[in-house]
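Undergrad: With the input below, show me the fold.
(one chain, ligands or ions: 1)
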Amino acid sequence: MHVTDLIRRKRDGGELQRNEIEFLINGYTRDVIPDYQMSAWLMAVLIRGMSRAELAALTETMLNSGKVLDHSDLPAPKVDKHSTGGVGDKTSLVLAPVVAAGGLYVPMISGRGLGHTGGTLDKLESIPGFNVNLSVTDFRRVMAQCGAGMIGQTAETAPADKRIYALRDVTGTVESPYLICASIMSKKLAEGIDALVLDVKTGSGAFMKSEKDAIFLAELMVETGQRLGKRMTALITDMSQPLGRAVGNANEVAECIDIMNGKGPDDLRELCLVLCAWMFLLGKRVKSVEEGRKLAEDLIASGKAQDKFRELIRLQGGNPEVIDKPELLPQARHQVEIVSPASGYVTSTMCEDIGTACVLLGGGREKKEDAVDPAVGIMVHKKPGDKVSAGEPLCTVAYNSQERLERARPLILQSYKIDSVPPPSAEPLVRKIIGDMA
Ligand code: URA
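TA: Presented below is the predicted three-dimensional model:
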């Protein structure tokens, strides 16, 4: 088999066989095939796409490049949720404790911020002492004890994705639905789950800006998971404005604590309840979405979800006191309000700009090696549809560096569109549901 023949065949729109895809992926993971050949093949895939058989072979080869965790000794279904990434997208921190408090297991392997989007691991690390780098043995111990574990990708699971993802990031080959599907699904299936709920974001703060592209990606992922025997549902959800009000890391953890206290923003609470409901349904804990939602509401109202979060934080080395005293979370030295230049209605926020502004403040990474500042962030006061007067605060920025603030400020201001007439009523938060029991 010659690598160049396989690159040429894909370049010309042909199809590769399963053994040819295995040869490429395993060869690259074992350092036999060089970066330049893999890059050429990835670009050919980005331009030409893949057949369903090729996508299945790619996902399975990446999945089997490492360990597939086995939690069959744990006495209840294992369920997870994966989001394709957004701004203020913090639902994982609520879902894991709620669903574990409801009796299912949640083996959550998450990522760091990517581009303008935030990452669950960065948010968790803003809790003093919280360790996201557990060994597989410790991860399983935490899960067995409290029903959920939240860690980063280990060297043992889906190593092919780790290498290929890093190469895609620097070769303009991230934005292929086939490559995104294989990347996400290989990592998630390595967690040893029975069922997966996908939160596929669409809108200005998502990677898939158009609903059509989001639906296409969702269908690919649902089909890929189902083919491997998993129960799969994808929700296409709005990301045209930040989810909730907090964008950052420590402030997002505080907002999740608010939700578990029965407070917090309506949109965030709603999405958390809907996603929990689907996790309970796919995990066969309930018979309907309505029942799942009610269970999630009860677990929050009774304080059981919050107790579970406290236990999870403690077992992973963090300080559980943050739940009762969120002021123990890192705080920025300065705050400033960004005010509206005009009176009228907020008609839209260019959500990606708000995410990028948070990165510029230090809440994300401009370069891979950058350290994240957990304390900085943006608290959004005005959202699309809200009335605003000139001089009234649109948001409050928490910052530690004046220079960073000056880079972020214009992006925040330009992200807001103010008009004299209100916008048409907002699109629903959940646009479409695809997959099992939808
Ligand atoms: N997230 C992933 O894990 N992989 C991708 O390719 C894109 C987003």
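
Undergrad: what about Asp70, neighbour count?
TA: Each residue near Asp70 was counted by other CB atoms under 10 Å, and the total is 9. Just so you know, the C-beta spots here come from the backbone N, C-alpha and C atoms, and that holds for glycine as well.

Undergrad: Please read the previous query as pertaining to Glu392.
TA: 14.

Undergrad: I'd like to know how far it sits from Cys358.
TA: For Glu392, the distance to Cys358 equals 21 Å [CB to CB, to the nearest Å].

Undergrad: now Ile412
TA: In terms of CB to CB, Ile412 sits 9 Å off from Cys358.

Undergrad: which residues do those two both contact?
TA: By CB atoms under 8 Å, 6 or more residues apart in numbering, Ile412 and Cys358 have these common neighbours: Ile378.

Undergrad: For stretch 283-291, give me every contacting residue.
TA: In contact with stretch 283-291 (CB under 8 Å, 6+ apart) are residues 76-79, 99, 102-104, 194-195, 274, 277-278, 280-281, 292, 295.

Undergrad: go on, stretch 60-73?
TA: Here stretch 60-73 makes contact (CB under 8 Å, 6+ apart) with 21-22, 25-26, 29, 78, 105, 107, 136, 140, 143, 155-161, 164, 182-183, 185-186, 189-192, 228.

Undergrad: and stretch 244-258, what's its mean pLDDT?
TA: Averaging pLDDT along stretch 244-258 gives 98.

Undergrad: Pull up the distance across that stretch, start to finish.
TA: End-to-end distance for stretch 244-258, by CA to CA, to the nearest Å: 11 Å.

Undergrad: Equivalent analysis for stretch 111-122, please.
TA: Distance between the two ends of stretch 111-122: 8 Å, counting by CA to CA.

Undergrad: Give me the buried stretch members for that stretch, please.
TA: The neighbour-count check on stretch 111-122 (16 or more other CB atoms under 10 Å) flags 111-114, 116-122 as buried.

Undergrad: Which of Ile412 and Cys358 has more residues huddled nearby?
TA: The neighbour comparison of Ile412 against Cys358 (other CB under 10 Å) goes to Cys358, with 30 against 25.

Undergrad: could you list every residue that touches the residue in the stretch 51-200 of the chain positioned nearest to the ligand?
TA: Closest residue of the stretch 51-200 of the chain to the ligand, CB to the nearest ligand atom: Ser183 (3.5 Å). Ser183 sits next to 62, 161, 164-165, 168 when contact means CB under 8 Å, 6+ apart.

Undergrad: Walk me through the domains of this structure.
TA: Annotated domains of the chain cover 3-49, 79-325+431-435, 330-419 [automatic domain parsing].

Undergrad: Which stretch among these is buried most, on average?
TA: Ranked by mean neighbour count, those are led by domain 79-325+431-435 with a mean of 22 (mean count of other CB atoms under 10 Å).

Undergrad: Could you give the separation between the terminal residues of it?
TA: End to end - CA to CA - domain 79-325+431-435 spans 15 Å.

Undergrad: now do stretch 341-359
TA: 24 Å.

Undergrad: Relative to the whole chain's centre, how far out is that stretch?
TA: Here stretch 341-359 is found 21 Å from its chain centre; the criterion is CA atoms, centre = their mean, to the nearest Å.

Undergrad: what do you get for stretch 70-77?
TA: Relative to the chain's own centre, stretch 70-77 is displaced by 24 Å; criterion: CA atoms, centre = their mean.

Undergrad: now it: mean pLDDT?
TA: Stretch 70-77 comes out with an average pLDDT of 95.

Undergrad: From one end of that stretch to the other, what's the distance?
TA: With CA to CA applied, stretch 70-77 spans 12 Å between its terminal residues.

Undergrad: which of the residues in that stretch are buried?
TA: Of the residues in stretch 70-77, 71, 74, 76-77 count as buried by neighbour count, 16+ other CB under 10 Å.

Undergrad: Name the nearest residue to Thr91, ignoring sequence neighbours.
TA: Distances taken as CB to CB, 6 or more residues apart in numbering put Cys272 closest to Thr91, at 5.2 Å, once the chain neighbours are dropped.

Undergrad: what helix or strand does the one you found sit in?
TA: Per DSSP states H and E: Cys272 is located in helix 266-282.

Undergrad: now for the helix or strand Ala96 falls within, which elements pack on it?
TA: Using DSSP H and E, Ala96 sits within helix 92-101. Contact here means 3 or more CB pairs under 8 Å, 6 or more residues apart in numbering; DSSP states H and E; on that basis helix 92-101 packs against strand 79-83, strand 106-110, helix 120-124, strand 148-152, helix 250-260, helix 266-282, helix 289-301, helix 304-315.

Undergrad: please redo it, this time with the cut-off set to 6 Å
TA: Applying 3 or more CB pairs under 6 Å, 6 or more residues apart in numbering; DSSP states H and E, we find helix 92-101 packed against strand 106-110, strand 148-152, helix 250-260, helix 266-282, helix 289-301, helix 304-315.

Undergrad: Is that helix positioned near the ligand?
TA: No. Taking CB under 6 Å from any ligand atom as the criterion, helix 92-101 and the ligand are apart, separated by no less than 13.6 Å.

Undergrad: what's that helix in contact with?
TA: Counting by CB atoms under 6 Å, 6 or more residues apart in numbering, helix 92-101 makes contact with 81, 106, 108, 120, 147-148, 150, 256, 259, 272, 275-276, 279, 296, 299, 304-305, 308-309, all of which sit outside it.

Undergrad: Make JSON lines out of the helices and strands packed on helix 92-101 and add distance to Ile47.
TA: What follows is the helices and strands packed on helix 92-101, written out as JSON lines (distance: least, CB to CB, whole Å):
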{"stretch": "strand 106-110", "distance to Ile47": "30"}
{"stretch": "strand 148-152", "distance to Ile47": "32"}
{"stretch": "helix 250-260", "distance to Ile47": "37"}
{"stretch": "helix 266-282", "distance to Ile47": "34"}
{"stretch": "helix 289-301", "distance to Ile47": "39"}
{"stretch": "helix 304-315", "distance to Ile47": "43"}
